[in-house]
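Colleague: Pasting a predicted model and its sequence here:
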Amino acid sequence: MEIVPYHSSMRDQIIQIWEQSVRATHHFVTEEDIVFFSSIVKNIDFENIPIFCAIEGTALLGFIGIVEQKIEMLFVAPLAMGRGIGTALLLYAFTYCDAWFVDVNEQNINAVEFYIKHGFSISDRSDTDGTGKPYPLLHMKRSLSE
């Protein structure tokens, strides 16, 4: 597995991984909201966000996007979960992108635990997500010791 910068040829795979990952891990999100968020994701200009992709051969296994030291997205293909892909992407973001912050859905317990395991702690909480939907966010910051 290697981590490479995003290329426009990866766009369809990224959108597919986003949806598969959300369906596998975000059981608290309604189908209506998945459709809503999907329309937002499909309109993202991935060329203007620092995105790095974990690939194995021609298969895209996951990706991470970082903006101004904040992890804006980290998704792993369900079939690749549990293989260390998320950790590899996160460590890449620490090393090469100086990532210090992330917002995580409070109901996504596995993601919250993942970030805590990797040195993040909760610094604040919002009752809704960035679109105003009733999905509370935990605002997390990486400790200096990591």
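Modeller: It's in.

Colleague: Quick check on residue 23: phi, psi?
Modeller: As for residue 23, its main-chain torsions (degrees, to the nearest 10) stand at phi -60, psi -30.

Colleague: Show me where this protein dips below the pLDDT cut-off.
Modeller: Across the chain, residues meeting the criterion (pLDDT under 70) sit at 144-146.

Colleague: which stretches of it form strands?
Modeller: Shown for the chain, the strands assigned by DSSP state E span residues 2-5, 51-56, 59-67, 70-76, 101-105, 120-126, 137-142.

Colleague: now those as TSV including mean neighbour count?
Modeller: Every C-beta, even on glycine, is put in place using the N, C-alpha and C of the backbone. Shown next, in TSV, are the strands of the chain (neighbours: other C-beta atoms under 10 Å):
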stretch	mean neighbour count
strand 2-5	12
strand 51-56	19
strand 59-67	22
strand 70-76	21
strand 101-105	20
strand 120-126	13
strand 137-142	20
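
Colleague: Redo these as TSV? Include distance to residue 23.
Modeller: Putting these into TSV (distance: least, C-beta to C-beta, whole Å) gives the following:
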stretch	distance to residue 23
strand 2-5	24
strand 51-56	19
strand 59-67	15
strand 70-76	11
strand 101-105	14
strand 120-126	24
strand 137-142	20
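
Colleague: nearest to residue 20, of those strands?
Modeller: Closest approach to residue 20 among the strands of the chain (C-beta to C-beta): strand 70-76, 8.4 Å.

Colleague: by contact count, what packs against the closest one?
Modeller: When contacts are defined as 3 or more C-beta pairs under 8 Å, 6 or more residues apart in numbering; DSSP states H and E, strand 70-76 sits against helix 11-25, strand 59-67, helix 85-97, strand 101-105.

Colleague: what angle sits between the first one and strand 70-76?
Modeller: Okay, so that is helix 11-25. Here helix 11-25 runs at an angle of 80 degrees relative to strand 70-76 (axes from the mean of the first three to the mean of the last three C-alpha atoms, to 10 degrees).
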